[in-house]
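Novice: Predicted model and sequence below, questions to follow.
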Number of protein chains: 2
Amino acid sequence: MQILRVNMEQLGVRWESVPPEYERFGGRALIAKILLTEVPPQCDPLGPHNKLILAPGLLGGTNLSSAGRLSVGGKSPLTGGVKEANSGGDAGTHLARLGVKAVIVEGQPADGKLYALYISRNGAELFPADEWRGLGTYATVARARERWGEHCTVISIGPAGEMRMTAAAVACTGYDEQVSRMAARGGLGALMGSKGLKAVVLDASGCEAPPLADPELFRAAARRFAQELAENPRTGRQGSMHLYGTSAIVEAVNEMGALPTRNFRAGRFEAAENLSGPRLRETTLARGGKAGTRCMANCVISCCNLFMDPTGNPIVATLQYETIGMLGSNLGIGTLDEVARLNRICNDLGLDSIETGAALGVAAEAGLARFGDVESFVALLNEIAAGSVLGRVLGQGAVVTGRVLGVSRVPAVKGQAMPAYDPRALKGNGVTYATSPMGADHTAGNAFGVRDKVNPLASTGQCEASLKLQLDVTMLDSTGLCLFARPPVFADPQLMVDLINGRFGWGWSVEDLQEFKKTVLRMELEFNRRAGLTSADDRIPEYMKREPLPPHNTVFDVPEAEMDEIFSSL
Amino acid sequence: MQILRVNMEQLGVRWESVPPEYERFGGRALIAKILLTEVPPQCDPLGPHNKLILAPGLLGGTNLSSAGRLSVGGKSPLTGGVKEANSGGDAGTHLARLGVKAVIVEGQPADGKLYALYISRNGAELFPADEWRGLGTYATVARARERWGEHCTVISIGPAGEMRMTAAAVACTGYDEQVSRMAARGGLGALMGSKGLKAVVLDASGCEAPPLADPELFRAAARRFAQELAENPRTGRQGSMHLYGTSAIVEAVNEMGALPTRNFRAGRFEAAENLSGPRLRETTLARGGKAGTRCMANCVISCCNLFMDPTGNPIVATLQYETIGMLGSNLGIGTLDEVARLNRICNDLGLDSIETGAALGVAAEAGLARFGDVESFVALLNEIAAGSVLGRVLGQGAVVTGRVLGVSRVPAVKGQAMPAYDPRALKGNGVTYATSPMGADHTAGNAFGVRDKVNPLASTGQCEASLKLQLDVTMLDSTGLCLFARPPVFADPQLMVDLINGRFGWGWSVEDLQEFKKTVLRMELEFNRRAGLTSADDRIPEYMKREPLPPHNTVFDVPEAEMDEIFSSL
């Protein structure tokens, strides 16, 4: 595999062999390594010295199930620290099959224009794309596929990224109707916009899966992995993950009192049942939509959906839990049709639905919209689309929105909005939000999955739980594996070791795997330290420490001194 | 003297004897000490745990010339760090004569209403003042004086502070027509607003100067101090400081190529002569205005003015250099009448003219106003007055304005806008902006005064110069002395020691004085460290390191490693 360097100042591309120090990293780990090696940690995240990195995971491109996620990274314009966000879809698989270990985008075009990068087995080239300026995600994908073929995979930004809004995401196409999978967090869409890069188009036709160092070992491990996923009561054909996707947990989070409701005023939403996984599936299927589909070709779980409006028109694929929480209950919105409508607009503008949902919640708290009134939120999203001053405020995310509008109740850490678990009722997630080098991000270590082992309301035991989760997900994010596919490799680390050794022949032990996880966090923490982040940034907002959250009426009370020591064993 | 504690949650006041550890501090030093002792460094600056502190300097209340400045402080909502801003006028003198070493305002009113604090020799009391909501500085002062007498001194916020805008200042009345002297920087008006405190009214009638430990020593030193000021060629009756006030330096800064012009695009402004000190004096006197007046009763320098419009109506007292630079050349505005008009609006809204000028410059860069077109800037100030979303963006200062509008050319350090000296052509000020615990602030150590000794364009020697200046001004800011009154005490530190010993009998030596200065910076740096600021915050904006500034076409190139060591001798 090779590194593809794209210089936006000189508008040229260059293939490089992979430097030895990058060789054993992929996805999130590779992004951390590149940032630490190449990017000045104190640079302006939207200036010429930051770099946008696209990297498949170590297992990307293989025929392993659920391993095709694409990692997108750079210094975050939202948090000011290291950032990796990953997305389902075909991009990770196709980039790896094109032989690309990472695309590293550098500099900024002097002419301020937009460009598209096209990569096929014949090479890579930059094309002018300024005529696509202002196009939404759907139109951008359509134009790119008109030009380069329907089979192409498209990684793109919408108007939000072009306007360098720090709530902007990077969209990836996927299998079939999955065209707006988001590498959502950290404002990486703004970073891509600052590079003048409207789209990266991948044509992997004629490309093969990468070679295997030990085909027998790999295939045996991959078969076992797929089989265990298929037989797992949650990821298998009768499992809630397959049937309902991420929305499976709406009712459980609501029941535990952690579902963000009306800008994190409450943890239970009276209309949660209307937003639930079963309701989503039933509604979708009744309208001729789809459920249990895939975002990437090689996935035995198949958790996706295609949500339709009442007349049978496709609205969004896939409607997910975080969106339901942040654009639904957090805004007092109690129907899936309304949530899907808001989600569609966010997807088309290229906005992170988590950051945007939080910003809209803060705006409602300031009186600019009314909780429960979808039209008032559509109006705010239209402001973002128009690039009005109000729209640009909202597009910067929850923290800027709160600061401008004078709202102190802003659910965010390190400048990034919290996803759809209130940390007062799921305190392990509070620890992850506070301490993860990624800022408030559930994918960095979601304690929802260990709620039966660690009391979510207790102030003790959360740091240990969060640390373990934070370490474990580094491996998923660095191999391209989906979080949903974690059961087999979490249950038996040797399985992950076999996959790595089968693919690369590195002769890893389980200890090497554990060390790898620590290395990822260490690199990320070091980048953040150099960027100027300190334990003062590892804090849950002050109001959550004094304002009790109904129905449990708990505050976030994990001791800060304990959180400050969470990584001391690394 | 006593500490007056004001609890805005319980709406009560309490007199306390001065704790021994506060005894030997005043003004800026006392603020640092109180913050370090009482305020959680990581608290929400606009939340209940921050404190607003008003403190006269150590020499406040005496009959010493030019020593009546009031220090205002707290954790800055603009920088997130320690902040002291001081103001001329009568407040420092009157507060000291009322026996108040510091007013410490804590908590926040549960009812969200506005209050006024009245202090006389009969005591202190909080009064409802919600009927003053929305009043500008001038009307607030008028109302307060209607109620408590024309002789009262008023410390107040305008609508900007009420709206918790981080460009908001605290206004102080002074001698005669001086009613809008500003403790301008750091967004302390927003902090005062967050406490629900619209005004502090001081009635010092019947109060005496504080007792002197060694009257003979003090009076001899004070006489010598006044005499040296009177005889100094710059502060005396024929001196430029007396004749022109701070505006004396407009032409010199322009000549050196450091006058911010059109959002720091250039260092020379073609219309600088029209904004000069001589032009200001001549215009003012020709219209029946005043020049060479005082802001505080005991000042032999008398650098103030009362600027009139062409028909002889008073517009602003005092029109000053920083305002001329930031609302004038920085906006491409080339007449004093236009600058005074913008200044008047800022003063009435209770806005820092430096932060606001920088924010307006960034807005013009984004196309929301036109450089040189005063009406376009008046329109933006009207947005601030109206509290529109655009107005609230601008009212948050230059950094938020730049972030929202997508402008990366933002002249700021630690979230605070630079005053009117471009650091690319006066590099010593660049070092002060970068390293001062106060953020970009010329009063923290202005190298303009040493331009004949240290080449302003050289990359070497700036750190030494800045450090010496930063240390020296701590003593001015902690004694209540005006920067203009520095020549006698800078020339002979023993004079300052005599004043301190004459007032308090502490038996200080010059070494004690030097140690005191270090202690002040150490405390401030320690507060910032605990608040999470690092050397990554001690940086000049990236664009100033690559964009040459005409006419010298220099960039800011003082090595960061050298700046990082500036305080190592403390």
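Specialist: Cool, got the structure.
Novice: My guess is A:Thr37 contacts A:Glu21. True?
Specialist: Yes - counting by CB atoms under 8 Å, A:Thr37 touches A:Glu21, with 7.1 Å between them. Where C-beta positions appear, they are placed from N, C-alpha and C, glycine not excepted.
Novice: how many neighbours does A:Asp512 have?
Specialist: 14 (other CB atoms under 10 Å in any protein chain shown).
Novice: Quick one: residues contacting it.
Specialist: A:497, A:506 (CB atoms under 8 Å, 6 or more residues apart in numbering or on different chains).
Novice: what does A:Leu117 give?
Specialist: A:6, A:13, A:103, A:105, A:124-127, A:197, A:199-201.
Novice: Then A:Ala213?
Specialist: A:501-506.
Novice: just these now: which is nearest A:Pro550?
Specialist: A:Arg503 (49.1 Å; CB to CB).
Novice: Where does the closest one sit: helix, strand or coil?
Specialist: Assigned with DSSP: H, G, I helix; E, B strand; the rest coil, A:Arg503 falls in the helix class.
Novice: repeat for A:Arg237
Specialist: coil.
Novice: ok, back up a step: quick check: the farthest pair among the contacts of A:Ala213?
Specialist: A:Gly502 and A:Trp506 (10.1 Å).
Novice: Helix, strand, or coil at the residue in the stretch 51-200 of chain A positioned nearest to chain B?
Specialist: Here the stretch 51-200 of chain A gets closest to chain B at one residue, A:Arg164, 4.9 Å apart by CB to the nearest CB. Assigned with three-state DSSP, A:Arg164 falls in the coil class.
Novice: measure it to A:Gly187 for me?
Specialist: 9 Å (CB to CB, to the nearest Å).
Novice: and those two? which has more neighbours close in?
Specialist: A:Gly187 (34 against 26).
Novice: coming back round to it: list the residues that contact both of A:Arg164 and A:Gly187?
Specialist: By CB under 8 Å, 6+ apart, the residues touching both A:Arg164 and A:Gly187 are A:Pro77.
Novice: So for the residue of the stretch 51-200 of chain A closest to chain B, what's the nearest residue that isn't a sequence neighbour?
Specialist: A:Ala190 (4.4 Å; CB to CB, 6 or more residues apart in numbering or on different chains).
Novice: Give me the distance from the helix or strand in which the one you found is found to the chain's centre.
Specialist: In this structure, A:Ala190 is located in helix A:188-194 according to DSSP states H and E. Mean C-alpha position of helix A:188-194 versus that of the full chain (CA atoms, centre = their mean, to the nearest Å) differs by 15 Å.
Novice: Averaged pLDDT, that helix. What do you get?
Specialist: For helix A:188-194, the mean per-residue pLDDT is 98.
Novice: Which strands border the helix or strand following that helix, and is each parallel or antiparallel?
Specialist: The element immediately downstream of helix A:188-194 (helix or strand, assigned by DSSP H and E) is strand A:197-203. Here strand A:197-203 is paired, per DSSP bridges, with strand A:115-120 (parallel), strand A:153-156 (antiparallel).
Novice: Any chance of CSV for those, columns distance to B:Ala425 and mean pLDDT?
Specialist: Listed next are these as CSV, based on distance: least, CB to CB, whole Å; pLDDT from 0 to 100:
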stretch, distance to B:Ala425, mean pLDDT
strand A:115-120, 36, 98
strand A:153-156, 43, 98
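Novice: most packed of the ones you listed?
Specialist: Comparing the strands paired with strand A:197-203 by mean neighbour count (mean count of other CB atoms under 10 Å in any protein chain shown), strand A:153-156 ranks first with a mean of 28.
Novice: Extract the CA atoms of the helix holding A:Ala190 and return them as CSV.
Specialist: Extracted C-alpha coordinates of helix A:188-194, given in CSV (Å, rounded to 0.1, in the frame of the first residue of the first chain):
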residue,chain,number,x,y,z
LEU,A,188,-13.8,17.6,10.0
GLY,A,189,-16.1,18.8,7.2
ALA,A,190,-14.8,22.3,7.9
LEU,A,191,-11.3,21.0,7.7
MET,A,192,-12.0,19.4,4.3
GLY,A,193,-13.7,22.7,3.2
SER,A,194,-10.6,24.6,4.3
